[in-house]
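Peer 1: Sequence unavailable; structure follows:
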């Protein structure tokens, strides 16, 4: 499998950006934190620039999953743990 257009640094940057953004949204808006929200409800509140960033993050996240699955099926890369996903103890980008 060829890893064309895979930008690991962009993935990590966007992952961190949205992790912080969503945490801040929940901390700063008690109504959000009090509700049982779906991720799509939070994303709907993003401005247009963040909506574009989110779309790019999802594209990269899908690529990462495909790469991880390919590597797993070929005996390479990170281990898969049911209920957790592909786990790399050296990678701090997972939630």
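Peer 2: Received, thanks. Note that the coordinates shown come from a computational prediction; the quantities given were computed from them, not determined experimentally.

Peer 1: C-alpha only now, for contacts and for neighbours.
Peer 2: Will do.

Peer 1: any idea how far the residue positioned nearest the centre of the chain lies from residue 58?
Peer 2: Closest to where the C-alpha atoms of the chain average out (C-alpha atoms, centre = their mean) is residue 15, at 5.1 Å. Applying C-alpha to C-alpha, to the nearest Å, the value for residue 15 to residue 58 is 10 Å.

Peer 1: Equivalent analysis for residue 28, please.
Peer 2: Distance, residue 28 to residue 58, using C-alpha to C-alpha: 25 Å.

Peer 1: Those two: which has the busier surroundings?
Peer 2: It is residue 58, of residue 28 and residue 58, that has more neighbours when counted by other C-alpha atoms under 10 Å, with 15 against 11.

Peer 1: Strands of the chain, residue ranges please.
Peer 2: 79-81, 85-87 (DSSP state E).

Peer 1: so what strands line up beside the first one?
Peer 2: Partner strands for strand 79-81, per DSSP bridges, with pairing direction: strand 85-87 (antiparallel).

Peer 1: tell me the average confidence for the partner strand?
Peer 2: Averaged across strand 85-87, pLDDT comes to 70.

Peer 1: for stretch 60-69, same thing?
Peer 2: For stretch 60-69, mean pLDDT is 90.

Peer 1: what's the neighbour count on residue 70?
Peer 2: Residue 70 has 14 neighbouring residues, counting by other C-alpha under 10 Å.

Peer 1: and the gap between residue 22 and residue 46?
Peer 2: Taking C-alpha to C-alpha, one finds residue 22 at 10 Å from residue 46.

Peer 1: With that, I have no additional questions.
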